[in-house]
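A.B. asks: attaching a predicted model along with its sequence, questions to come.
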Amino acid sequence: MTDVPTVKLNNGVHMPQVGFGVFQVPDDETTAAVKAAIAAGYRSIDTAAVYGNEAGVGRALAESDVDRSELFVTTKVWNSDHGYDQTLRAFDASLDRLGLDTLDLYLIHWPTPERDRYVDTWRALVKLQEDGRVRAIGVSNFQPAHLRRVIDATGVVPSVNQIELHPFLQQEELRAVHAEHGIATEAWSPLAKGGDLLGHPAITALARRHGRTPAQVVLRWHLQLGNIVIPKSVTPSRIAENLALFDFSLTDEDMAQLAPLHDGTRTGPDPDTFNAA
Ligand SMILES: NC(=O)c1ccc[n+]([C@@H]2O[C@H](COP(=O)([O-])OP(=O)(O)OC[C@H]3O[C@@H](n4cnc5c(N)ncnc54)[C@H](OP(=O)(O)O)[C@@H]3O)[C@@H](O)[C@H]2O)c1
């Protein structure tokens, strides 16, 4: 079985560099998908309250014979639960649905700048970490200004920022801010949702040269940049394929060939304007 490398977060906690995402997987299908992922060797699972499948993740964890201490579970507080007290309540509800006593990583899902409550939400995450209820805390979809604001207000630097990142959206500015503060970069939609990116000639050429699939080339590009990735699939062969990344590498020249693919394309909302409840 593949031994997945870990990234050491800024509070000393180790997080697997490849995890399994379950966005848009219906709750009743999530248990089978997570079980397949754990059987394939994944130890990190990424869900969120708004995905509506924390219970499905929880069932898979409960039925797994892998020790809890070897699993790394992430969930996220949704936009409508921003604010100190609401976030503490949302955390309890997520843990109940997951059937867990403690969480590994809790993230603020979006800053929702119009709401303007993310600093209070962050204070709640700091409290949860101080109380030992979560091993690491972070944010998602935070832009540089949002990061600076929570750091300035609380003095606590997020361990992770989970952002949309793939060869079409390389997030150079955010990655530089992360490096400056010791924040780990976690890429969501690392495969750009499996669309045009996987058919791009630069990717397919590298795939042919290395005898790998386009998805493996893209995931390997992420790993070599130091990103944490959480590819999603409900297809068992792809679940395994997306973890078979540790017996080949891209050369510096290969990496350089993917740099020009950046064109700023987002597959999801823009964090500066996304304020949905
Ligand atoms: N924080 C946030 O705001 C946020 C937003 C979006 C996503 N996320 C997280 O990031 C995770 C991943 O993002 P995502 O689900 O949007 O997109 P993704 O992982 O980039 O792509 C998933 C899509 O690619 C397909 N796929 C997976 N592996 C493949 C392979 N080896 N070859 C060809 N196609 C493949 C999947 O199809 P099948 O499933 O049919 O195999 C699915 O349609 C989510 O599940 C979620 O945990 C977070």
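C.D. replies: Alright, I've got the coordinates.
A.B. asks: switch to C-alpha atoms for all contacts and neighbour counts from now on
C.D. replies: Noted.
A.B. asks: which parts of the stretch 51-200 of the chain sit against the ligand?
C.D. replies: Applying C-alpha under 6 Å from any ligand atom, one finds that the stretch 51-200 of the chain approaches the ligand through H109, S140, Q162, W188, S189, P190, L191, A192, K193, G194.
A.B. asks: so what touches stretch 24-43?
C.D. replies: 1-4, 16, 18-20, 22, 45, 51-61, 64, 70-72, 233-236, 239-240, 243 (C-alpha atoms under 8 Å, 6 or more residues apart in numbering).
A.B. asks: ok, stretch 262-277 near the ligand or not?
C.D. replies: No. Under the criterion of C-alpha under 6 Å from any ligand atom, stretch 262-277 makes no contact with the ligand; the nearest approach is 6.9 Å.
A.B. asks: can you list the residue ranges for strands in this structure?
C.D. replies: According to DSSP state E, the chain carries its strands in the segments 6-8, 14-16, 20-21, 44-46, 72-77, 103-108, 134-140, 160-164, 184-188, 228-229.
A.B. asks: could you say which of the ones you listed is packed most deeply?
C.D. replies: strand 228-229 (a mean of 26; mean count of other C-alpha atoms under 10 Å).
A.B. asks: how far does that one sit from the chain's center?
C.D. replies: Centroid separation for strand 228-229 versus its chain: 6 Å, with C-alpha atoms, centre = their mean, to the nearest Å.
A.B. asks: same thing with stretch 36-46?
C.D. replies: Remark: stretch 36-46 is offset 14 Å from the chain centroid, using C-alpha atoms, centre = their mean.
A.B. asks: cool, stretch 51-66 as well?
C.D. replies: 17 Å.
A.B. asks: and that stretch, what's buried?
C.D. replies: For stretch 51-66, the neighbour count (16 or more other C-alpha atoms under 10 Å) marks Y51, G52, N53, E54, A55, G56, V57, G58, R59, A60, L61, A62 as buried.
A.B. asks: how about the CA coordinates for that stretch, as CSV?
C.D. replies: The C-alpha coordinates for stretch 51-66 follow below in CSV (Å, rounded to 0.1, in the frame of the first residue of the first chain):
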residue,chain,number,x,y,z
TYR,A,51,-21.9,19.1,1.4
GLY,A,52,-24.6,17.2,3.4
ASN,A,53,-22.5,14.1,3.6
GLU,A,54,-20.7,14.3,6.9
ALA,A,55,-22.9,11.4,8.2
GLY,A,56,-21.9,9.3,5.1
VAL,A,57,-18.2,10.0,5.9
GLY,A,58,-18.8,9.2,9.5
ARG,A,59,-20.4,5.8,8.6
ALA,A,60,-17.3,4.9,6.5
LEU,A,61,-15.0,5.9,9.3
ALA,A,62,-16.9,3.8,11.9
GLU,A,63,-17.0,0.8,9.6
SER,A,64,-13.3,1.1,8.7
ASP,A,65,-10.7,-1.1,10.6
VAL,A,66,-8.1,1.7,10.3
